[in-house]
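Visitor: Everything below, folded, please.
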Amino acid sequence: MRAEQEALRHSPHAPFRDEDDWELAKWLVEEVTQSGIDRYLKLNSTRNGPAPSSKNKVSFFKKIDQLPVGPEWICDIVEITGDRVGPNGQFQTETVEIWRWNPIDCIKQLIGNPAYDGHIAYALVKVVRDGTRYYSETNTADWWWDMQTRLPANATVAPVILASDKTNLTVLRGDQVAWPVYLTIGNISKSLRRKQSAYATLLLGYLPVSKGEAFMDASRSEALYRLFHHCMQAILEPLTQAGKEGVSMTCADGKIRRVYPILAAYIADHPEQCLVACCLKNRCPRCMVGRLDRGSQQLSPPRDTAVIAGLLERIHRGEPPPSELGVYGIRPVPQPFWASLPSPHTDIFSSITPDILHQLHEGVIKDHLLSWCQAVLGKAELDSRFQALSEMHGVRHFKRGISIISQWTGSEAKELEKVLLGTMLGCGESRVLASARAMLDFVYFTQYEVHSDTTLHLMQDALDRFHSNKEVFLDLGICEHFNIPKFHSLLHYLQLIRSLGTLDGYNTETSERFHIDYAKEGYRGSSRKEYVAQMTLWLQRREAILLRDSYLGWLGSGARRDEHDDDQHEVEENNDEGDSGDEPVEEEGDRAEEGEMRSLRQLVDSNVSRTYEVARRPSVPGVSLDVLHHLYGAVDFLQDLNIFLASNRPSAPHANLTDCFDTFHSISVLLPFSLHLANSKRVSKVRASPAIPRRGHRKPVPAHFDCGLVLEDEAEHTERGGLAGVRAAQIRVIFRLPPHIADFPHPLLYVQWFRLFRAPDRVSGLHFTAHSTRNLRRSHAIISANRLLRPCHIIPKYDDTVDLIWTSQNILEQPIDFALNHYSDFHLFDTLSRSAMHPT
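Guide: Residues are numbered from 1 along each chain as shown. Okay, the predicted model is just below:
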């Protein structure tokens with residue numbers, strides 16, 4: 001592109017006049033509708049000012065369409081003849097469209113994008129440290145190793161990852177549906193594949209959505225199966241030859257390699273997994289487990305692609321469906337799309353990946369475990385426990401309970417997982433608690449971004465513990481059986497991690513996020529009639545803008561990267577109905593404190609092991625002792641401060657009743673590096689903010705005094721890890737020492753202590769504690785902020801029922817036992833789970 005522009009003496013922004021004209025064009029395409037573009041370009045204020053190079057939307061889009069684009073869209077027309085007889089005595093027909101890109105062109109675009117250089121793997125690697133193997137990216141796992149041995153010595157494997165998922169394009173009205181198919185390759189790092197802004201996952205095509213009205217009821221289901229496989233075969237046909245012979249491709253590092261694109265993973269929910277595997281919905285798409293044996297912990301033999309393809313080929317040759325199809329639970333689809341892909345490289349059944357969103361978060365946890373817990377305690381009692389839980393930044397507080405939530409999302413299910421075990425304390429049946437703990441442990445381990453033989457052992461142990469205790473739900477009459485596909489699917493999770501790498505690279509949440517860009521936005525930009533063709537044009541223009549913007553960034557400063565982390569913002573469907581629970585309330589001061597979070601985020605990829613940051617300006621300057629006592633709950637603040645000064649600044653004058661203090665309502669903490677978790681999860685926040693009364697139309701904001709883990713003996717903690725050398729405290733005040741008293745390099749914290757943690761409970765695995773008291777009053781002190789290790793969630797240890805006076809605002813004041821909730825965040829869960837294996 002650069003050479004062509006230089007030869008024609010065009011500017012890098014051509015066909016636009018200059019950088020300003022290009023920036024305007026980019027903004028119009030990305031943010032404004034077509035009619036809005038036309039109105040904007042025709043405004044007198046637009047024409048009378050620095051006029052854009054286009055006068056209306058027609059001339060504007062002519063320029064957009066001159067920009068280089070990626071692969072060309074191909075539209076195939078398919079005519080279906082059904083078995084339903086029409087009014088004219090002939091079989092009814094239906095015409096559908098397949099919109100597709102050539103997958104080889106897509107792979108060339110992905111593997112050759114210079115913006116991805118440094119984020120693409122071309123060769124396998126086996127990561128072993130101290131005899132322990134680690135799994136993360138696709139090239140660290142077994143599938144790549146196995147494939148490399150089958151190909152020529154100079155071959156570069158491109159593990160093709162497909163995802164498909166029907167999605168509604170309208171909300172609460174109409175029945176418009178799109179069926180996108182996405183493609184990416186396992187060479188690209190999974191963090192980049194998940195980012196919407198990186199465009200490392202491409203839309204491969206749109207499958208036709210047919211209701212099968214040309215078919216009788218009895219044959220409609222199998223006819224739609226055959227239509228799906230026919231369309232997928234048309235889309236993926238170029239992969240057949242390329243997977244056998246390889247294709248020369250220019251890669252992101254500028255080198256030319258012989259690339260063999262081979263299907264490695266297929267991401268879909270369970271109904272679509274069965275559609276891909278041609279199996280009945282009451283069977284496992286990966287293995288031969290019997291339809292009545294899915295509650296067993298025993299692994300069944302895997303499905304054999306060659307055998308099943310051979311059975312279906314007999315149908316294609318015109319033979320009657322063989323009886324063995326019933327044994328395998330396979331539908332009679334004569335030509336499944338995967339049968340034509342390179343053999344023996346493609347194993348469709350082992351390529352089907354777990355679906356954490358629907359199988360775990362919204363399935364096992366929300367649909368089953370939560371229902372069982374409600375049956376054990378009663379919905380009202382469980383709601384009361386959720387309502388009375390103490391709060392923590394980053395943990396959702398279900399202030400009205402959970403039974404009122406009518407439409408659950410994956411985000412809400414994840415928040416439920418953070419606190420569910422704590423609400424079950426004191427439920428009266430230890431096996432219920434053990435089962436819930438085991439399943440939550442398993443769910444958390446599945447989300448690790450790096451696994452090792454050690455963590456996989458812990459993951460398997462969690463699953464074993466669940467199966468050892470699950471019979472309690474049968475004994476209590478809460479459920480009738482465990483012959484449930486979602487529970488059976490858990491047996492395959494460890495296999496998949498060892499084969500293809502960690503599961504964060506194969507999550508249906510990713511494809512659901514891509515629906516926004518690749519389906520819903522395009523539909524909104526269409527006229528709603530024959531919308532698929534308009535959606536493809538809309539996407540082509542968006543892609544042209546992205547390619548040119550990427551090129552300009554490369555010209556200016558190398559590959560530009562969007563620093564926005566898409567993984568941290570889960571996209572949910574817009575629910576216009578129902579009560580989704582509790583809406584977040586923006587607290588006063590949050591915006592001012594965002595700066596401190598940004599500063600720490602700049603350090604997440606550094607070798608800094610631990611640090612903190614407060615805002616440059618105090619949340620409230622000059623706070624008096626009386627306000628600290630009555631609004632912050634800082635009893636004996638002056639006495640504690642003088643004790644601190646005597647130990648740390650013995651020459652400083654004593655603080656007195658007239659002194660005022662600049663207070664901060666939060667402090668951000670950088671957590672230590674964890675190999676198993678994303679660096680983006682290292683930044684956390686501890687709040688110490690008093691209640692804010694109603695001001696005009698603004699709602700009142702409750703007080704937030706979070707808890708944290710404080711270093712008591714740093715040497716012991718460094719040596720032993722876990723909870724060694726630390727204790728919990730509730731932070732009531734974050735402040736700086738006034739300069740007229742003394743100069744101190746760190747902010748100070750007024751804290752109320754808890755006792756040292758006890759050994760983990762045998763059943764729940766939680767560490768219990770209680771108030772540290774002196775003369776029947778809570779112990780408190782002022783400490784340096786650099787002793788704050790991390791936030792923590794201290795929750796009540798419930799008995800049979802919740803006291804009616806307990807609320808989230810006063811629960812930490814009650815003279816009861818408490819527990820450290822290590823499910824509140826992945827970092828603490830990982831720290832305590834691994835330290836439990838090596839007690840000292």
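
Visitor: Burial check on Val177, number of neighbours?
Guide: The tally of other residues near Val177 (other C-beta atoms under 10 Å) stands at 13. Yep, even glycine has a C-beta here, placed from its N, CA and C like the rest.

Visitor: and Pro302, what is it in contact with?
Guide: Residues near Pro302 by C-beta atoms under 8 Å, 6 or more residues apart in numbering: 286-288, 349-350.

Visitor: cool, and Asp269?
Guide: By C-beta under 8 Å, 6+ apart, the contact set of Asp269 is 165, 355, 357-358, 508.

Visitor: Just those: which are in helices?
Guide: Counting by DSSP state H, those place Thr508 in helices.

Visitor: Which one (most neighbours) among the contacts of Asp269?
Guide: Asp355 (24 neighbours).

Visitor: Touching, Ser189 and Leu110? I think so.
Guide: No - the pair Ser189 / Leu110 is not scored as a contact, 12.0 Å apart, by C-beta atoms under 8 Å.

Visitor: And those two? Which one has more around it.
Guide: Neighbour count, other C-beta under 10 Å: between Ser189 and Leu110, Leu110 has more, with 24 against 21.

Visitor: ok, now how distant is that one from Arg755?
Guide: Leu110 sits 55 Å away from Arg755, taking C-beta to C-beta, to the nearest Å as the criterion.

Visitor: Inside helices: which ones of the contacts of Pro302?
Guide: Short answer: these in helices (DSSP H) are 349-350.

Visitor: which of the contacts of Pro302 sit farthest apart?
Guide: Pairwise distances across the contacts of Pro302 (C-beta to C-beta) peak at 12.8 Å, for the pair Met288 and Ser350.

Visitor: Which one's more surrounded, the two?
Guide: Per other C-beta under 10 Å, whichever of Met288 and Ser350 has more neighbours is Ser350, with 21 against 16.

Visitor: The more buried one reaches Ser499, doesn't it?
Guide: Yes - assessed by C-beta under 8 Å, Ser350 is found in contact with Ser499 at 6.7 Å.

Visitor: Just to be sure, Gly477 is in a strand?
Guide: No - Gly477: not assigned to a strand; according to DSSP: H, G, I helix; E, B strand; the rest coil it is coil.

Visitor: And Val395, how close does it get to Phe386?
Guide: 11 Å.

Visitor: neighbour count winner among the two?
Guide: Ranked by neighbour count (other C-beta under 10 Å), Val395 and Phe386 place Phe386 first, with 22 against 19.

Visitor: can you give me phi and psi for that one?
Guide: When read as degrees, to the nearest 10, the backbone of Phe386 gives phi -60, psi -40.

Visitor: Could you pull up the residues touching it?
Guide: By C-beta under 8 Å, 6+ apart, the contact set of Phe386 is 398, 401-402, 419, 423.

Visitor: what about 6 Å?
Guide: 398, 401-402, 423 (C-beta atoms under 6 Å, 6 or more residues apart in numbering).

Visitor: Now it: closest residue in space, sequence neighbours ignored.
Guide: In space, and not counting its chain neighbours, Phe386 is closest to Phe398: 4.3 Å by C-beta to C-beta, 6 or more residues apart in numbering.
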